[in-house]
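J.: from the sequence below, what's the structure:
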Amino acid sequence: MKVLVADQFEQSGIAGLADAGCDVIYDPELKDETLAASLRETRAQVLIVRGTKVTADMLDGGDLALVVRAGAGYNTIDIAAASARGIYVSNCPGKNAIAVAELTFGLILALDRRIPDNVADLRAGHWNKKEYAKAAGLKGRTLGLLGFGNIAQEVARRAQAFGMHIVAWSRSFEGGAPVDFSAYGLEPAAWDSRITAVTSPAAVVDAADIVSIHVALTPGTRGLVDAALIGRLKPGAFLINTSRAEVLDHEALATAVRERGVRVGLDVYPDEPTAGTAEYHHALLDLPGVYGTHHIGASTGQAQEAIAAETVRIVRSFADTGRVPNVVNLARQTPATHLLVVRHQNRPGVLAHVFEQIRNAGINVHETENIVFEGADAAVARINLENAPSAAELEAISAGNENILSTQLVAL
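T.: As a prediction, the model looks like this:
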């Protein structure tokens, strides 16, 4: 299997792919037209990327069957185009969670103790202990988490170690049912801290001294932290974003920084460069009390090794079994209206007969599986159909092959 790696990737991952019998082409500089051309020329079946954009044009004209995002977020990949072409898209969820959580807390601590400003003044030869000794501290303060996936859970664990109160919102909390945080490995009351689930982002912002954003970019989260929500931040509150730039209204945030002393830590930005080095400027970063890092949340050696290992596992599974772990673009529910169950002797030609009759009836098949019993003498085929066969068409299926034992039609 030919694998094209079009981004920076750990040597351990490249070696792992080679050990799995893959023909690996490693060219981390490929972008845009050069990547599209390479896919056409190499006829690679698997493409591995990190931040590189994968467009519909790149998916045409090659032999791609699988795109692996060596990371968690996959908003840089045209999922709809991949799905229309029957190309799997897979990711590596949770493998960089600790790295992003560590950076999140680094930004929180930097804001509280104004560490970058301390460093800048000392480098400029200014001693100002009187000013920089002013810090609230973290113990007993409330950290609000927007989203409660793998990264937010790791942030919560660290916040508990700092003795902070935690208030968290997730779509899954909106029903208001009690949340068993021990299932996440968290204690509802640890030392002086506590953790509370709320049913809306507004409830998080209203309660929190520090708000940290940890949501994936979806149509439902785009613009989630809008001007109205930012307007609810307490004066002097901290806002941290290590998720995606598109979830946040940066103009409204700049107003909150200027007018209400909100302090900000960012790792993601609008229209940020895709190259490792480039010129970049955003007006928000000019404001005092705003600290930024270079979209490095997942960029620790530990995280990259874990992601490389998971990427190798995904490709190996696809090569060896045809199954793809962590697929993000399979239909959750097909348009099938009926399930045809065919119990049959496990003989050549049985399923060919069944599918021929379905084709003759003009009915589309959405999903199918054939389950073989012990001894391999008999099996059950389960076939999801777009429409129901008529009684005559069912009779043609049942009576047309002596190895069919029974048929059953179930409405879905």
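
J.: now R260: closest residue in space, sequence neighbours ignored.
T.: Excluding the flanking residues, the one nearest R260 by C-beta to C-beta, 6 or more residues apart in numbering is P235, at 4.6 Å. Using the backbone N, CA and C atoms, a C-beta is placed for each residue, glycine as well.

J.: next SSE after the helix or strand of the chain with the lowest mean pLDDT?
T.: Sorted by mean pLDDT, DSSP states H and E, the helices and strands of the chain end with strand 189-190, the least confident at a mean of 60. Per DSSP states H and E, the first helix or strand lying C-terminal to strand 189-190 is strand 193-198.

J.: neighbouring strands - and their directions - for that following strand?
T.: The pairing partners recorded for strand 193-198 under DSSP bridges are strand 165-169 (parallel), strand 189-190 (antiparallel).

J.: which regions of this structure lie under the pLDDT threshold?
T.: For the chain, the stretches flagged by pLDDT under 70 are 187-193.

J.: that one: helices as residue ranges?
T.: Assigned by DSSP state H, the helices in the chain fall at 11-19, 32-42, 56-59, 79-84, 97-113, 115-123, 129-132, 150-161, 201-207, 227-230, 250-260, 301-321, 350-360, 391-399.

J.: so for M1, which of those helices sits nearest?
T.: helix 301-321 (4.9 Å; C-beta to C-beta).

J.: contacts for that closest one?
T.: Outside helix 301-321, the residues within contact range by C-beta atoms under 8 Å, 6 or more residues apart in numbering are 1, 3, 9-10, 12-13, 16-17, 20-22, 46, 48, 65-66, 68, 70-71, 88, 90, 92, 95-96, 98-99, 298, 323-326.

J.: cool, stretch 55-64 as well?
T.: Stretch 55-64 is contacted by residues 2, 35-36, 39-40, 42-47, 78, 81-82, 85, 87 when judged by C-beta under 8 Å, 6+ apart.

J.: among the residues you listed, which ones are buried?
T.: 35-36, 39, 42, 44-47, 78, 81-82, 87 (16 or more other C-beta atoms under 10 Å).

J.: count of neighbours near N75?
T.: For N75, the count of nearby residues is 14 (other C-beta atoms under 10 Å).

J.: how about the nearest residue to it, chain neighbours excluded?
T.: Nearest to N75 is L217, by C-beta to C-beta, 6+ apart, at 4.6 Å.

J.: tell me the contacts of the one you found?
T.: Applying C-beta under 8 Å, 6+ apart, we find L217 in contact with 73, 75, 243-244, 246-247.
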